[in-house]
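Engineer: sequence first, then the predicted structure:
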Amino acid sequence: MNKRIKIFFSLFIVSFLECYSTTHSIHFSDFKFLRDLDQKNEINITVDSHLNNVGKQFQINNIHPKKIDAVLMNGKIAQYENDSVYYINGHLIIKNGKIKAITKSKIKIEKLIKHRKKFGLIDVMDLKGAYVYPGFIDAHAHFLHQGIALNSINLLGTKSWEECIERVKHFVKKNPNKKVYRGQGWDQNDWELTEFPNNSNLESITDKPIILSRIDGHAILANSKALKISKIDINTEISGGEIIKNNENLTGLLIDNAQSLLTIQEPNNQEKSEALLAAQEKAFQFGLTGIHDAGLPSKDIMLIDTLQRRQKLKIPLYIMVSESEDELNYWLNNGPLKTKLIDVRSFKFYSDGALGSRGALMRKPYSDRENHFGSEIRSFDYMLSAAERIANNGWQMNTHCIGDSANRRMLNIYQLFIDKLKKNDLRWRIEHAQVVHPKDRIAFGLGIIPSVQPSHATSDMNWAINRLGPERILYAYSYLTLREVSGGILPLGTDFPVESMNPLNTFYSAIYRKSMHDKSQPTFQIQQALSREQALIGMTRDPAFASFQENEVGQIKIGMWANFTIFTSDILKCPQDSISELKVLQTWVHGELVYMFNKK
């Protein structure tokens, strides 16, 4: 087919399917990233057959049609000047989902309201002095996994393995027809007995597979049924992970790459659709207007695209592609994807595991496990080769690095391509940057972005010193220092469902260096605390920059998307103890009111 005809039909089809604001080339045969059209059609059919019912479950009150025009009156509108935040007492005019004007003129607003038919004005909202912030953005999270976790066995906050077992039993009894039982959130570091559990107490509960994911997602405890289906036995070996054994018997514990050996059926597209919509509902309640999803395969990106085109999934997502040889080949050959709701131009890599499961890759052995250095998820040669390909193709590389060895290795690899990164403004990121040796921090001043999660510091504070010892703990979770060396850029996230989805937890942890829900805790390395203004910027402007969207979101400016998180209180001056009690008043995405607090 002639190239021009291809482009014409591609644009026609995209317009018909309501993929708005497409800014990159689109291939006619596969809608840019839909590698398998049959698979795409299957997703469409599945989604179409279930969306009516699913959509009804997650309808939000006070929702307006797309492309609404609106006036938000009498707000205190947050504005940024470098690291300072100030308020304008005024009004916002929204046109086609974007900010058309910010004005202090009451006369101008009254004129608009008086002639609302002439101006096509649909909605007028009196904020009565509420505080309007740029829409909160989570710079590192797992959106689909959060939705799945909402319909799984909740093991968060358990105080013992016995309590986990009781929750599993209760869930199985309540849900007898499930084919696979999944749970998430256990953390042996919170128990009196801090050793890893084994699967012996799971065996009598059900004859179906049970898969229980540790809070960090870097370890799974599976029952014997799940191991048998996956053909994992005492002789199975894996690189970049561990299959934990006890006296030559499997304990059921799989760490890092060993988790990939499980071949248990994953949730189907209907279950994933329900999970995504459930996660969206929670996100809007917490004031989230954008999420950086830290790793999804193309098949899940296809599903998200379908839900967005059906106007069911409305939250903007910056998605990192979960790296594999096939995914690299596909996306690098076909190029990025961008619509008004989805942005795909980066890859997610894992350099090591997590500190809690002793998978983080350290330069010296763990302080609480002799001769153990953690897990090298991908080899140096693999990472170097992948980095070269990604740099040559103009993509962003985002790598999970927890341990000081993993951080040093990836920072060294990144620096080999620093001229190309600067020239092409590629903004490569280190995700977590948790234990960074002082000698390695300078690399963040070269244009490499540290992307961190403040609530990790406050969740780990009671046991991290056991893993790291008194010397290494001093340069761990050093968020203020990282912000300074990176030129004032520090995007903040939660890593949900590892941590709570509520961005106020991020805000509180960054400022006070302790948990918002355990105020009796002592502060943890308070010298690394951020100011309230720095934390707010880290949840808005900095994530926008880290995703190349600084001209679209992250601030309240004319021409940007009308994404707002609105509170009745000033989050920059309210008392410390009141932060945990704050409720989002309204959430706006692309000029649409997607959530309003309903005080019962």
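Structural biologist: Here it is on my side, so go on.
Engineer: measure the residue sitting nearest the centre point of the chain to Met501 for me?
Structural biologist: Centroid check for the chain by CA atoms, centre = their mean gives Ala141 as the closest residue, at 1.6 Å. Using CB to CB, to the nearest Å, Ala141 is found at 8 Å from Met501. The way it works is simple: take the backbone N, C-alpha and C, and place the C-beta from them, glycine included.
Engineer: find residues that contact each of the two.
Structural biologist: Residues touching both Ala141 and Met501 (CB atoms under 8 Å, 6 or more residues apart in numbering) are Thr494.
Engineer: got a list of what the residue nearest to the centre of the chain touches?
Structural biologist: So Ala141 contacts 291-294, 493-496, 501 (CB under 8 Å, 6+ apart).
Engineer: sort out for me which of the residues you listed are in strands.
Structural biologist: 291-294 (DSSP state E).
Engineer: put the alpha carbons of stretch 160-171 into PDB.
Structural biologist: C-alpha atoms of stretch 160-171 as PDB (Å, rounded to 0.1, in the frame of the first residue of the first chain):
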ATOM      1  CA  SER A 160       2.700 -12.800  62.300                       C
ATOM      2  CA  TRP A 161       2.700 -15.600  59.700                       C
ATOM      3  CA  GLU A 162      -0.200 -17.200  61.700                       C
ATOM      4  CA  GLU A 163      -2.300 -14.100  61.000                       C
ATOM      5  CA  CYS A 164      -1.500 -14.400  57.300                       C
ATOM      6  CA  ILE A 165      -2.700 -18.000  57.400                       C
ATOM      7  CA  GLU A 166      -6.000 -17.000  59.100                       C
ATOM      8  CA  ARG A 167      -6.600 -14.300  56.400                       C
ATOM      9  CA  VAL A 168      -5.900 -16.900  53.700                       C
ATOM     10  CA  LYS A 169      -8.400 -19.300  55.200                       C
ATOM     11  CA  HIS A 170     -11.000 -16.700  55.500                       C
ATOM     12  CA  PHE A 171     -10.600 -15.600  51.900                       C
END
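Engineer: who does the residue nearest to the centre of the chain form a beta bridge with?
Structural biologist: Beta bridges link Ala141 to Asp293, judged by DSSP bridges.
Engineer: would you confirm that Arg363 contacts Arg408?
Structural biologist: Yes. Judged on CB atoms under 8 Å, Arg363 makes contact with Arg408 at a distance of 7.1 Å.
Engineer: compare neighbour counts for these two and give me the winner.
Structural biologist: Arg408 (20 against 16; other CB atoms under 10 Å).
Engineer: show me the helices in the stretch 251-400 of the chain, by range?
Structural biologist: 269-285, 298-309, 325-334, 380-392 (DSSP state H, counting those that start in this stretch).
Engineer: kindly reformat the ones you listed as a markdown table containing distance to Met560.
Structural biologist: Shown next, in a markdown table, are those (distance: least, CB to CB, whole Å):
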| stretch | distance to Met560 |
| --- | --- |
| helix 269-285 | 19 |
| helix 298-309 | 20 |
| helix 325-334 | 28 |
| helix 380-392 | 29 |
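Engineer: quick check: which of these is nearest to Arg513?
Structural biologist: Closest approach to Arg513 among the helices of the stretch 251-400 of the chain (CB to CB): helix 269-285, 25.4 Å.
Engineer: can you pull out the strands in the stretch 101-250 of the chain?
Structural biologist: For the stretch 101-250 of the chain, the strands defined by DSSP state E, counting those that start in this stretch cover 123-126, 131-134, 136-141, 153-154, 181-186, 210-214, 219-222, 241-246, 249-256.
Engineer: pipe the ones you listed into CSV and attach distance to Tyr350 per row.
Structural biologist: Formatted as CSV, the strands of the stretch 101-250 of the chain follow (distance: least, CB to CB, whole Å):
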stretch, distance to Tyr350
strand 123-126, 44
strand 131-134, 31
strand 136-141, 13
strand 153-154, 25
strand 181-186, 18
strand 210-214, 15
strand 219-222, 14
strand 241-246, 10
strand 249-256, 8
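Engineer: tell me the most buried of these?
Structural biologist: Compared across these, strand 136-141 shows the largest average neighbour count, a mean of 29 (mean count of other CB atoms under 10 Å).
Engineer: ends of stretch 310-326, how far apart?
Structural biologist: One end of stretch 310-326 to the other measures 28 Å (CA to CA, to the nearest Å).
Engineer: so which bits of it are buried?
Structural biologist: 310, 312-323 (16 or more other CB atoms under 10 Å).
Engineer: list just the nearest of the contacts of Ala141 to Ser84.
Structural biologist: Nearest to Ser84 among the contacts of Ala141, with distances taken as CB to CB, is Gly493, at 23.3 Å.
Engineer: okay, the closest one: pLDDT?
Structural biologist: As predicted, Gly493 sits at a pLDDT of 98.
Engineer: can I get stretch 84-94 as CSV, trimmed to CA atoms?
Structural biologist: Extracted C-alpha coordinates of stretch 84-94, given in CSV (Å, rounded to 0.1, in the frame of the first residue of the first chain):
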residue,chain,number,x,y,z
SER,A,84,8.7,28.6,46.2
VAL,A,85,4.9,28.1,46.2
TYR,A,86,2.4,30.9,46.4
TYR,A,87,-1.4,31.3,45.9
ILE,A,88,-3.5,33.4,43.6
ASN,A,89,-6.9,34.2,44.8
GLY,A,90,-8.9,33.9,41.6
HIS,A,91,-10.7,31.9,39.1
LEU,A,92,-9.9,29.2,36.5
ILE,A,93,-11.5,29.1,33.0
ILE,A,94,-11.3,25.7,31.3
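Engineer: what residues sit buried inside that stretch?
Structural biologist: Within stretch 84-94, judged by 16+ other CB under 10 Å, the buried ones are 85, 88, 90-94.
Engineer: which one among these gets closest to Leu254?
Structural biologist: Nearest to Leu254 among the buried residues of stretch 84-94 is Val85, at 45.3 Å by CB to CB.
Engineer: over to the closest residue to Tyr477 other than its chain neighbours. Which of the three states is it?
Structural biologist: Once flanking residues are discounted, Tyr477 sits nearest to Ala457: 3.8 Å by CB to CB, 6 or more residues apart in numbering. Ala457 falls in the helix class when you classify it by DSSP: H, G, I helix; E, B strand; the rest coil.
Engineer: count of neighbours near Ala457?
Structural biologist: 24.
Engineer: returning to what we had before: joint contacts of Arg363 and Arg408?
Structural biologist: His437.
Engineer: re earlier: so can I have JSON lines of the ones in strands among the contacts of Ala141 showing pLDDT, distance to Gly538 and neighbour count?
Structural biologist: Output for those, formatted as JSON lines (pLDDT from 0 to 100; distance: CB to CB, whole Å; neighbours: other CB atoms under 10 Å):
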{"residue": "Ile291", "pLDDT": "98", "distance to Gly538": "15", "neighbour count": "28"}
{"residue": "His292", "pLDDT": "98", "distance to Gly538": "13", "neighbour count": "26"}
{"residue": "Asp293", "pLDDT": "98", "distance to Gly538": "18", "neighbour count": "25"}
{"residue": "Ala294", "pLDDT": "98", "distance to Gly538": "16", "neighbour count": "26"}
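Engineer: make JSON lines from those residues and add distance to Lys348 to it.
Structural biologist: Listed next are those as JSON lines, based on distance: CB to CB, whole Å:
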{"residue": "Ile291", "distance to Lys348": "14"}
{"residue": "His292", "distance to Lys348": "10"}
{"residue": "Asp293", "distance to Lys348": "9"}
{"residue": "Ala294", "distance to Lys348": "5"}
